[in-house]
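Asks: this one's structure only:
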């Protein structure tokens, strides 16, 4: 590969979560070492800065004026850069500004809500199709779970999936992760619902670096609630493997659980997760998908699901998440950087 720089433009904080930043760090792992990887981000918090400590940083001022943001960002690019945009503010005008620098442009998108000027669009949504996009004739599309944007230890875990059938299903250890920020503290509602079930021994609550609600769980430690904060990818794999059931947001974390191979309940925590809700229901990948204002009984009823339904879910997970997306996307960037 030549020495082209790869520049990721994404923002992350307690308000918008860390999903865009985490997807870009996953791509950075897929691209591999031995090349210059840079993140451009609006004024990161100390926690986000620590998350990105392995990369060169371009720190941009906080603003909602994305025309100005694009102009400032573009001024720091050259025609030899490969730029990756991941964020809902990087729309058609933003993409045009980046393309005018001569850079090669990759857009990570799961909305299909504006015209694409990018050279490549990656949408790892399970029901993503080319037909919903307006784009330039040259735009290439990488769509579906074959291009799941997951970190390396998660993808490697797919190759060690047991494949064994479940003969009984009475979950004792539950993992709860409602995203990196969880601004409405949906995690606490899930935990309080699960604490009414005497059959559950432990609840492992994973909180991301941007989660501001840690103190609300401290008083629950005596009731079998264990807090896990800002886990590494390998620690995430170990935590998923240690649980009998996961309750997670219908975001990238649900892809992580499906790739490692554990039964899960998905919860809609944001409007952009509707597509994954439909995907999980249609393909029977999740045991259930609940709305954000779920009734506690809807969640606890999952504890009575039959083993056959659990086994069908695990089989369907393996069909869609093969752990090979890193190789596919790595090959793409090899090609882009060599062109």
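Replies: Received it, and whenever you're ready, just let me know what you need. Since the model is a prediction, treat every value here as computed from it, not as a measurement.

Asks: partner residues bridging residue 122?
Replies: residue 108, residue 142 (DSSP bridges).

Asks: what sits against it?
Replies: With contact taken as CB atoms under 8 Å, 6 or more residues apart in numbering, residue 122 is in contact with 106-109, 142-143, 147, 149, 329. To be clear about C-beta, it is placed using only N, CA and C from the backbone, and glycine gets the same treatment.

Asks: and it, how close does it get to residue 108?
Replies: 5 Å (CB to CB, to the nearest Å).

Asks: one more: residue 308?
Replies: Note on residue 308: its distance to residue 108, by CB to CB, is 37 Å.

Asks: give me the common contacts of residue 122 and residue 108.
Replies: In contact with both residue 122 and residue 108: residue 149, using CB under 8 Å, 6+ apart.

Asks: my guess is residue 76 contacts residue 59. True?
Replies: No. The pair residue 76 / residue 59 is not scored as a contact, 10.8 Å apart, by CB atoms under 8 Å.

Asks: list the residues that contact both of those two?
Replies: Shared contacts of residue 76 and residue 59 (CB under 8 Å, 6+ apart): none.

Asks: between residue 308 and residue 108, which is the more surrounded one?
Replies: For residue 308 versus residue 108, neighbours defined as other CB atoms under 10 Å are more numerous around residue 108 (25 against 11).

Asks: model confidence for the more buried one, exactly?
Replies: In this model, residue 108 is scored at 98, pLDDT.

Asks: and it, what does it touch?
Replies: Shown in contact with residue 108 (CB under 8 Å, 6+ apart): 20, 23-24, 27, 84-86, 121-123, 149.

Asks: so it versus residue 163, what's the distance?
Replies: For residue 108, the distance to residue 163 - CB to CB - is 31 Å.

Asks: among the contacts of residue 108, which ones are in helices?
Replies: Among the contacts of residue 108, DSSP state H puts 20, 23-24, 27 in helices.

Asks: the helices in the stretch 201-339 of the chain, which residues?
Replies: Per DSSP state H, counting those that start in this stretch, the stretch 201-339 of the chain carries helices over the ranges 233-242, 252-260, 274-283, 296-300, 307-320, 325-338.

Asks: what's the closest of these to residue 198?
Replies: Residue 198 lies closest to helix 296-300 among the helices of the stretch 201-339 of the chain, at 11.1 Å (CB to CB).
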